[in-house]
Structures are given as structure tokens and as C-alpha cells.
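> Here's a sequence, model it:
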Amino acid sequence: MAETGQGTRALDCALVVGGKYHDFDFARLELLKLLAEDERVRVRVFEDYENVAALAACDFLVSYTCDVVPSLPAQEALRGWVEAGRRWYALHGTNSLLRQTADGSYDAPRWAPLFMQTLGSMFVAHPPIAPYRVTVADPTHPLVHGVEPFETDDELYLLETYGDLHVLLETRFGGEATGFACKDWSEAAHPVFYLHDVGQGGVLYLTLGHCRGHHDMRPYMDHWPGTDRGAWALPVFYTLLRRGLAWAKRTG
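Just a heads-up that it's a prediction; the model follows:
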């Protein structure tokens, strides 16, 4: 059933989906279906952040990217747009930039610092995919009210964070992030879902949402043997997506 929400004004959304090593067709379609639940929302879809004119015209932004490096003008436009009072719902690999080093491991280069500072975090590494427990850091907040701790086999993001984050969901990890330049991690809590105020606006970041199909690891391999859906297989993930979209639209 379509959601009419409050008022009848159209809401313009910029949806940025693209990059490497993920099933972006799947993620794009799922997000478009969720956005279509509100008949007021009009969506323009992009693969990167370079259409600054479209960004300036939209009411809210949703992103699911990996290894998409915005130009400096795009970083500045994003920062100014959020500071002016807009809202950005950023998912999974949006904060992930990757570089393969001489020894074959992956590093997280500081190629887009303003972008990461606006998001409030930068991906550094993740351990091998395995089930882990996500707990509620602030059960009083409407975005996670009623959400119970849950287990997921998504990528567990290990982050470098910036500014004052309001953490809503978190997990704990200590051990080795195999395959990454920064591989040794002491036991600590790591944000999974957080709010980051930026000027008059803000970013809501959810690190969950890994997905990968058979053809998403090219050029390293032509056929990935499995189909990864991570947290997309969980009803609670769709609850978090819907609540985040309501937050971005200022209806929840």
C-alpha cells in the first residue's frame, strides 16, 4: 500500500548507487521499491556524486556505493548541502574507498577527507564474513525503539570516526581483519547505525547491507560461487531502512 505521509508536496530524492564488488542492481531495486512506498517521492538515480545541480535540487539523498571517490567540488557541494539543513541516509560501503597494496592487501586511502568527515566515518577494514551480534546502543531513540539485538552475517565494518556520533546500534570486535593493511584490532565497540549532525542537517549511516552476486567480483574472477545477501535477508534490516527513509524525509 502506498504511503501518503503528511501533506501532498512531492519530495525529490537523489539515489546514488554504484561502484565495485557489490550487487548494485539488487540494492538499487530494493531501495527503489522502498522509496516507491511513499507516492510523494520522485527519484533520480545516479552512479556517482558528480551531478551537483541535481543534488542541490533534491530534498534528501540516499546512497549505496563502494569505492566511489567524489571530486573535491562534489565533496564541497555535499558538505554545503547537508550543512544547509538537508538529510543524507548513507548505506553500507558509502564510506569505503579501497586501494590494493603491493603485498595484495587492501588499504583505505585518505583520498576524500571532506567526504568522510561529512559522513562521520571512513571504512578501514572488515574481518572475514561470519555471523556477529548487533546490539542496541540507545533503545530510547525512535529509529531503533523496539529493535531487539540480532545476529547477521553481513560485513562487520571497522571504522575511523569523526565528530560527535550518536550511536544507535553497535557491535563488538577484536581480532584480525584478514586481507586488509590495518588487520590487527583490539576488542572494542564499533558503530553499526549512527546519526551525525552536520550544521543544520545531518547524516544517518547504516553499515549493514552487503550484497554480492555471481558477477560482482570482476575483474578478479568471472564467477563468484555464491550469492551474498547479508542483512538484506533479515526483516529487521528492512525496518531500519524504512525508518531511515522516514527520517530522511522528516516524516519519522
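
> tell me which residues form a beta bridge with the residue positioned nearest the centre of the chain?
Nearest to the mean C-alpha position of the chain, counting by C-alpha atoms, centre = their mean, stands Leu91 at 1.4 Å. On the basis of DSSP bridges, Leu91 is bridged to Tyr64, Leu206.

> Tell me if I'm right that it and Leu34 touch.
No: with contact defined as C-beta atoms under 8 Å, Leu91 and Leu34 do not form a contacting pair (11.2 Å). No exception for glycine: its C-beta is placed from N, CA and C like everyone else's.

> Between its first and last residues, what's the separation in stretch 77-93?
20 Å (C-alpha to C-alpha, to the nearest Å).

> for the stretch 51-200 of the chain, what spans make up the strands?
60-66, 87-91, 99-100, 106-107, 121-125, 132-136, 150-152, 158-161, 165-176, 184-198 (DSSP state E, counting those that start in this stretch).

> Dump those to JSON lines, plus mean pLDDT and distance to Trp247.
Below are the strands of the stretch 51-200 of the chain laid out as JSON lines (pLDDT from 0 to 100; distance: least, C-beta to C-beta, whole Å):
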{"stretch": "strand 60-66", "mean pLDDT": "98", "distance to Trp247": "9"}
{"stretch": "strand 87-91", "mean pLDDT": "98", "distance to Trp247": "7"}
{"stretch": "strand 99-100", "mean pLDDT": "92", "distance to Trp247": "33"}
{"stretch": "strand 106-107", "mean pLDDT": "94", "distance to Trp247": "31"}
{"stretch": "strand 121-125", "mean pLDDT": "98", "distance to Trp247": "18"}
{"stretch": "strand 132-136", "mean pLDDT": "98", "distance to Trp247": "16"}
{"stretch": "strand 150-152", "mean pLDDT": "98", "distance to Trp247": "20"}
{"stretch": "strand 158-161", "mean pLDDT": "98", "distance to Trp247": "20"}
{"stretch": "strand 165-176", "mean pLDDT": "98", "distance to Trp247": "11"}
{"stretch": "strand 184-198", "mean pLDDT": "98", "distance to Trp247": "8"}
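
> Which of those strands sits closest to Val41?
Ranking the strands of the stretch 51-200 of the chain by proximity to Val41 (C-beta to C-beta) places strand 60-66 first, at 8.8 Å.

> buried stuff in that closest one?
Phe60, Leu61, Val62, Ser63, Tyr64, Thr65, Cys66 (16 or more other C-beta atoms under 10 Å).

> ok, for the second one, nearest residue in space, not its chain neighbours?
Setting aside the residues directly before and after it, Leu61 is nearest to Trp88 in space (C-beta to C-beta, 6 or more residues apart in numbering), at 4.4 Å.

> That neighbour and Glu155, how far apart?
To Glu155, Trp88 is 21 Å away according to C-beta to C-beta, to the nearest Å.

> other SSEs contacting the lowest-mean-pLDDT helix or strand in the chain?
The weakest-scoring helix or strand in the chain, judged by mean pLDDT, DSSP states H and E, is strand 99-100 (a mean of 92). For strand 99-100, the packing partners by 3 or more C-beta pairs under 8 Å, 6 or more residues apart in numbering; DSSP states H and E come out as strand 106-107.

> which outside residues touch the strand it packs on?
With C-beta atoms under 8 Å, 6 or more residues apart in numbering as the test, strand 106-107 has contacts from Leu98, Arg99, Gln100, Thr101, Ala125, Gly179, Phe180, Ala181, Cys182.
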